[in-house]
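**Student:** The following block contains a protein sequence and its predicted model.
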Protein chains: 2
Amino acid sequence: MLEQSPLGAIVVNNKISNVFPAGDGVRDAEQVCEIVADALDLPSKDYVLPSSTGVIGWRLPVDEMIASIPDAVKNLQDRTALPAAEAIMTTDLYPKVRRSDLGHPFSLVGIAKGAGMVEPNLATMLVFLMTDLDLPQERLQSMLAKATDESFNCISIDSDQSTSDTVVLVSSGAVRPDNEEVVRAFESELERVCANLAADVVRNGEGVRHVLRVNVTGAPTDTIARGIGKAVVNSPLTKCAFAGNDPNVGRVIGAVGSYVGRTCGDREECAQLMANCTVDIAGETVFDHGNFTLSTEKEARLVTQLRDAELYVSAPIVDASVPSAHFAPTLEYPPHDRCVDIDVRFDAEGEEETTRGRATILGSDLTHEYVTENADYRS
Amino acid sequence: MLEQSPLGAIVVNNKISNVFPAGDGVRDAEQVCEIVADALDLPSKDYVLPSSTGVIGWRLPVDEMIASIPDAVKNLQDRTALPAAEAIMTTDLYPKVRRSDLGHPFSLVGIAKGAGMVEPNLATMLVFLMTDLDLPQERLQSMLAKATDESFNCISIDSDQSTSDTVVLVSSGAVRPDNEEVVRAFESELERVCANLAADVVRNGEGVRHVLRVNVTGAPTDTIARGIGKAVVNSPLTKCAFAGNDPNVGRVIGAVGSYVGRTCGDREECAQLMANCTVDIAGETVFDHGNFTLSTEKEARLVTQLRDAELYVSAPIVDASVPSAHFAPTLEYPPHDRCVDIDVRFDAEGEEETTRGRATILGSDLTHEYVTENADYRS
């Protein structure tokens, strides 16, 4: 995840992703890096990290990129990351910037790009984290790996892994940590900034109208807990139901049961696990130790909860000249706190629940906006 | 897959799927079967096979079902399966009936229900196959397993496995096969009927406007070939692109490469496999031995091909009183032959291509109709 040589600059382009290019793509990227290194008086192109996002399968427009470098250099900022966060947006609706709490001797700022083709491992997601804390590279590397695993690896917009993802942490090394406490504070801030940026990526996902947060506890292992959470947020039918404010809880349980059946041992073990399973949606218990506990009143309350959790209400923009419908969000910025909580608990017989597998996975609904955006991405 | 005891009747209901009911559901089903057995003068409820499809998590309306049994008995047919094929439809647009070629000493007729939550293993898909050929149960079982594996297990509408799928083959035993040739003819007809019904299920999938047929050849194994095909038809971004007649070939290659990277060994083995990979879409070579071979002219031709392969052109029905858009197909019955062919070939070095893994997977695009149908399934 971290470059071996010191870095002097990161150059990012959108529109075209530099993928599978069999030699040409590497040469294209190196050519751009060389010009950037020259423009910034860096010793060589090895001091520049290239980063591309966009359509797969086309070559970078190197000449146009080189022509724009003088302007980019002129506009470099040293007080704010916001213009950079805005500049790396593609289908993102909002810039994503997060920083560590004030009051620490170090500073830590992160920006992220990402809206679709998001299921890390590997997401069309670019995350750049910048700090001034001077720590050995291996230490930063292991902290970043841990923070990434619990944040960016726990989200999914559309279950489509990307060919190009990047999470970079760079340090100027300007602030020497006085003691281990500062290092621990940095580690915890790094995890928080990554978690917040990951949530921002989901909240700003293509066409997202509901953010789904699946909390799994008491699963046989952390890996299974994560698999169950992913199974729920990646089920197209579950995603569509939430888009329509339809508490179709059978689909949620179906996704859980289907994953458990594929993963958790023989028929009897799976049945036992499901018999110990309880699921709450938005605070309502809909499945209690293997039994559905639905009622018409509970459903009505759930519909209200789902409506309240909607980031915005959408309606199609109909244009007689285009055959499909177009949609656009009706708000300037998504509410930060709205979320549909789905709690999946397995009662552990004779075991401490805290010793068993847990995971929190963030995902989204599947809306007309998502289809519109991706059916005609490039027009 | 096959019942052990002889069967006298199959009773199917839609609207409510009898799932996870912890005792009650089994009792409900048995009660219905008992009344059906009585009505048909069958020795016991064990002669009746129950089959349910619909919303998960609610109890069967047993009283209403029992009340309707006399009418159902009165309407039993002995000349045509069409009314049965129509009666088991839920969100299906069209009844699905297939029969074996004429000219054989036996007859074989199959009907299918299935439109969404379709990725067998397990699909909300009910398939009933009826024949008069008298073969030992184990023989029928193994033939059915093979036919199912190559047909219903090779389709995916939405990658959502269902909790309730059924493929049943029943025989009256009226026709004794004279020789092995008749048996082989039956086996081949069974495979053809299953393949055709599977194609019908996809062609009639929820909101399907393009049928995608992925042919994978030269893969390391059949399992990997099948995995690659499924990865392509289950990629939401690929599905959306086809819905919009957008030949976003990078997404197809991304889906292939992502699956290969997860499954086919170390980094070098995967890179070698992709370097031997060639992909044609609708007859146009878009990826040739690891290199994209895109051009503006080729893209324009592909757009035309995708438009021609569309089952129907759709536009939203806008009703000011509902917040989301509604869509409906503009045709009475889907054209049987339209399909987007995606050929994924791996050159096998020093091996006969025919000895390597192959699969044909049928899938569909992801459209506004799918979202509409599943966002508000029950209203």
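**Tutor:** Alright, I've got the coordinates. Just so it is clear, the model here is predicted, and its values are computed rather than measured. Numbers count the residues shown, from 1 in each chain, chains lettered A, B, ... in the order given.

**Student:** Would you map the strands across the stretch 201-350 of chain A?
**Tutor:** All strands of the stretch 201-350 of chain A, identified by DSSP state E, counting those that start in this stretch, fall at A:211-219, A:277-281, A:284-288, A:291-292, A:316-317, A:326-327, A:340-346.

**Student:** looking just at contacts, which helices and strands does the longest one meet?
**Tutor:** Using 3 or more CB pairs under 8 Å, 6 or more residues apart in numbering or on different chains; DSSP states H and E, the elements in contact with strand A:211-219 are helix A:180-203, helix A:222-233, strand A:340-346, strand A:357-364. Every C-beta, even on glycine, is put in place using the N, C-alpha and C of the backbone.

**Student:** chain center to the third one: distance?
**Tutor:** Looking back up the chat, that one is strand A:340-346. With CA atoms, centre = their mean, to the nearest Å as the basis, strand A:340-346 stands 20 Å off its chain's centre.

**Student:** What of the last one?
**Tutor:** Centre-to-centre, strand A:357-364 and its host chain are 12 Å apart (CA atoms, centre = their mean).

**Student:** helices or strands up against the helix or strand where A:Ile66 lies?
**Tutor:** Using DSSP states H and E, A:Ile66 maps to helix A:62-74. Packing contacts for helix A:62-74, counted by 3+ CB pairs under 8 Å, 6+ apart, involve helix A:24-39.

**Student:** Using PDB, list the CA coordinates for the following helix or strand past the helix it packs on.
**Tutor:** The helix or strand immediately downstream of helix A:24-39 is strand A:48-52, counting by DSSP H and E. Presented in PDB, the C-alpha positions along strand A:48-52 are these (Å, rounded to 0.1, in the frame of the first residue of the first chain):
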ATOM      1  CA  VAL A  48       5.500  11.200  -8.300                       C
ATOM      2  CA  LEU A  49       2.700   8.700  -7.700                       C
ATOM      3  CA  PRO A  50       0.200   8.500 -10.600                       C
ATOM      4  CA  SER A  51      -3.500   7.700  -9.900                       C
ATOM      5  CA  SER A  52      -6.300   7.300 -12.500                       C
END
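
**Student:** Pull up the pairing partners for strand A:48-52, direction included.
**Tutor:** Here strand A:48-52 has these sheet partners by DSSP bridges: strand A:9-13 (parallel).

**Student:** CA atoms of the strand it pairs with as PDB?
**Tutor:** What follows is strand A:9-13, C-alpha atoms only, in PDB (Å, rounded to 0.1, in the frame of the first residue of the first chain):
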ATOM      1  CA  ALA A   9       3.700  14.600  -5.400                       C
ATOM      2  CA  ILE A  10       0.600  12.700  -6.300                       C
ATOM      3  CA  VAL A  11      -1.000  13.300  -9.700                       C
ATOM      4  CA  VAL A  12      -4.600  12.200 -10.200                       C
ATOM      5  CA  ASN A  13      -6.700  12.200 -13.300                       C
END
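
**Student:** now the angle from it to helix A:62-74?
**Tutor:** Orientation check (axes from the mean of the first three to the mean of the last three CA atoms, to 10 degrees): strand A:9-13 against helix A:62-74 gives 130 degrees.

**Student:** Please give the centre-to-centre distance between strand A:9-13 and its chain.
**Tutor:** Relative to the centre of its chain, strand A:9-13 is centred 20 Å away, using CA atoms, centre = their mean.

**Student:** Low-confidence bits of the stretch 251-379 of chain A, can you list those?
**Tutor:** The stretch 251-379 of chain A contains residues with pLDDT under 70 at A:317-325, A:327-332, A:334, A:348-355, A:376-379.

**Student:** For chain B, give me its nearest residue in it.
**Tutor:** Closest residue of the stretch 251-379 of chain A to chain B, CB to the nearest CB: A:Ala375 (2.8 Å).

**Student:** Can you tell me the closest non-neighbouring residue to that residue?
**Tutor:** The shortest distance from A:Ala375 to any non-neighbouring residue, by CB to CB, 6 or more residues apart in numbering or on different chains, is to B:Gly244 (2.8 Å).

**Student:** Around that neighbour, how many other residues sit close by?
**Tutor:** By other CB atoms under 10 Å in any protein chain shown, 26 other residues sit near B:Gly244.
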